[in-house]
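**Student:** pasting a predicted model and its sequence here:
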Amino acid sequence: MAVANQAGPAARTYGNWRRPTSPGLWQLGALGTGLLLFFMIIEILLMATAGLVPALIGALIGGVAFLVLTVKDRHRRSIAQRVTARVAFRRHRKRGHNLYRSGPLGQLPWGSFQMPGLAAPSRLSEWTDSYGRKFALVHVPSTGDYTVVFSTEPDGASLVDTEQVDSWVANWGAWLANLANEPGAIAAAVTVETAPDTGTRLRREVEAHVDPDAPLVAQAMLREVVDSYPEGSATVKAWVSVTFSAAVRAGARKRTPEEMGRDLASRLPALSQSLHATGAGGARPVTAAELCEVVRVAYDPTAARLLDAARAAGEAPALSWDEVGPTAAEEHYDHYRHDAAVSVTWAMSSAPRGEVYSS
């Protein structure tokens, strides 16, 4: 009697990661090779003009400088880079540049809660795409870049067939590849936020649908669920941001925010629709009000409860782009403290050595 093979298809794996390298001798790269040739020429000139002893001293000094500039750790950072970063931060902190105070009592002359750092000169405007959806457009005048943000609802990979997951991964790669054909597109980023659930949305949903004539036991059970369920639960949100250059090509004239708004209004529907095939779920552009709330909660997570409570009361939170920054912030070498939160960045310096699955 033949036995049917019950084993499903093997999970697809990914790999063959390669680190981009510059041409040069051994693993030195272009900079290290240039320094090596420069030191060799100096040594030849010293030996021909000054003698053996000065040439040996020069070789010792040049060898130390060569090691400091070229020898790198496992994170691909040289000794000179690490020392320079430490010294620069200490000078930065000594001058008080690591402290930020905003608001009416802050150090800003205009008394607003402007964002610090590179986001300080950014400007926010709102436009309407060809589907009639409003979308926020962030403009950074110093670089001439414009960024739009899509809000997505990822389906998750639980109880999903392997073929469907493989299709999502392939479509995500195709979506990224197609961005190369988008005029002016220069960057794309995905942000996944996992935060504790405040329970306000669940309470509002239950209170809107509960039947006052229902049995008391059922109403008590629902109240208990509303009170206890948010403990330990989390909300997962995901955003996809795409950045466009104001100039379509190098040397071209930079377009104004009005021109970029009209141009992107006809292109965003195709970008958001193609995101659905990547497993991102329903994707739509983020409005200016929603983007202000996202940035405000990122600086002060405790504001999420207040914003949810305002929406539950039927009030629309009125936030402007110059009110979403932190009240106070302090920069440290390995973390960033702002309002009621601390931000820390972990960066992957090398690709995984083993097999990588779609998850």
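**Tutor:** Perfect, I can see it now.

**Student:** phi, psi for residue 97 please.
**Tutor:** Per-residue torsions, residue 97: phi -80, psi -10 (degrees, to the nearest 10).

**Student:** for the protein, which spans come out with low pLDDT?
**Tutor:** By pLDDT under 70, the weakly predicted segments of the chain are 1-9, 24, 26-28, 230-233.

**Student:** got the residue ranges for the helices in the chain?
**Tutor:** 29-49, 52-70, 79-94, 162-178, 200-209, 216-228, 257-265, 268-275, 288-299, 303-312 (DSSP state H).

**Student:** most tightly packed of the ones you listed?
**Tutor:** Across these, averaging neighbours per residue (mean count of other C-beta atoms under 10 Å) puts helix 288-299 on top, at a mean of 20. All C-beta spots, glycine's among them, are computed from the backbone N, C-alpha and C.

**Student:** quick one: residues in contact with that one.
**Tutor:** 115, 124-126, 134, 136, 138, 149, 151, 195, 239, 286, 303-304, 307, 316-321, 323-326, 338-339, 341 (C-beta atoms under 8 Å, 6 or more residues apart in numbering).

**Student:** same check, this time on stretch 316-333
**Tutor:** 86, 89, 92-93, 98-103, 106, 110, 112-116, 119, 122-124, 288-289, 292-293, 295-296, 299-300, 307, 310-311, 336-339.

**Student:** related to what we said a few turns ago, need the helices of the chain in TSV with distance to residue 355, can you?
**Tutor:** Shown next, in TSV, are the helices of the chain (distance: least, C-beta to C-beta, whole Å):
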stretch	distance to residue 355
helix 29-49	29
helix 52-70	33
helix 79-94	32
helix 162-178	14
helix 200-209	39
helix 216-228	41
helix 257-265	39
helix 268-275	27
helix 288-299	34
helix 303-312	38
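
**Student:** please produce a PyMOL select command covering the buried subset of the contacts of helix 288-299.
**Tutor:** To isolate the buried ones among the contacts of helix 288-299 in PyMOL, judged by 16 or more other C-beta atoms under 10 Å, type:
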select buried, resi 115+124+125+136+138+149+151+239+286+303+304+307+317+319+321+323+324+325+326+338+339
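
**Student:** and the gap between the closest residue to residue 237 other than its chain neighbours and residue 78?
**Tutor:** Spatially, and ignoring its direct neighbours in sequence, residue 237 is nearest to residue 193 (4.7 Å; C-beta to C-beta, 6 or more residues apart in numbering). Per C-beta to C-beta, to the nearest Å, residue 193 is found 34 Å from residue 78.

**Student:** ok, now residue 194?
**Tutor:** Residue 194 sits 35 Å away from residue 78, taking C-beta to C-beta as the criterion.

**Student:** cool, residue 72 as well?
**Tutor:** From residue 72 over to residue 78 (counting by C-beta to C-beta), the distance is 5 Å.

**Student:** what does residue 297 give?
**Tutor:** 38 Å.

**Student:** try residue 357
**Tutor:** 34 Å.

**Student:** so if we follow the domain assignment, how does this structure break up?
**Tutor:** 21-95, 114-190+235-286, 198-232 (the TED database).

**Student:** sorry, back to before: for residue 184, find the nearest of the helices of the chain.
**Tutor:** For these, distance to residue 184 was read as C-beta to C-beta. The smallest value, 8.3 Å, belongs to helix 257-265.

**Student:** what angle sits between the closest one and helix 268-275?
**Tutor:** 40 degrees (axes from the mean of the first three to the mean of the last three C-alpha atoms, to 10 degrees).

**Student:** which strands and helices sit next to helix 257-265?
**Tutor:** strand 123-128, strand 134-140, strand 145-152 (3 or more C-beta pairs under 8 Å, 6 or more residues apart in numbering; DSSP states H and E).

**Student:** out of those, which gets nearest to residue 21?
**Tutor:** strand 145-152 (28.3 Å).

**Student:** list of residues touching the closest one?
**Tutor:** Residues contacting strand 145-152 (C-beta under 8 Å, 6+ apart): 135-140, 186, 237-246, 257, 260, 264, 268, 271-272, 275, 280-286, 290-291, 294.

**Student:** go on, stretch 67-78?
**Tutor:** Contacts to stretch 67-78, defined as C-beta under 8 Å, 6+ apart, come from residues 28, 31-32, 35, 79-80, 82, 349-350.

**Student:** also stretch 206-221?
**Tutor:** Stretch 206-221 is contacted by residues 222, 225-226 when judged by C-beta under 8 Å, 6+ apart.

**Student:** dump these to TSV, plus distance to residue 23.
**Tutor:** As requested, the contacts of stretch 206-221 are exported to TSV (distance: C-beta to C-beta, whole Å):
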residue	distance to residue 23
222	68
225	63
226	63
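
**Student:** between those, which is nearest residue 158?
**Tutor:** residue 225 (22.1 Å).

**Student:** could you find the closest non-adjacent residue to the closest one?
**Tutor:** residue 206 (7.5 Å).

**Student:** distance-wise, check that neighbour relative to residue 236.
**Tutor:** Taking C-beta to C-beta, one finds residue 206 at 21 Å from residue 236.

**Student:** same check on residue 327?
**Tutor:** Relative to residue 236, residue 327 is positioned 28 Å away (C-beta to C-beta).
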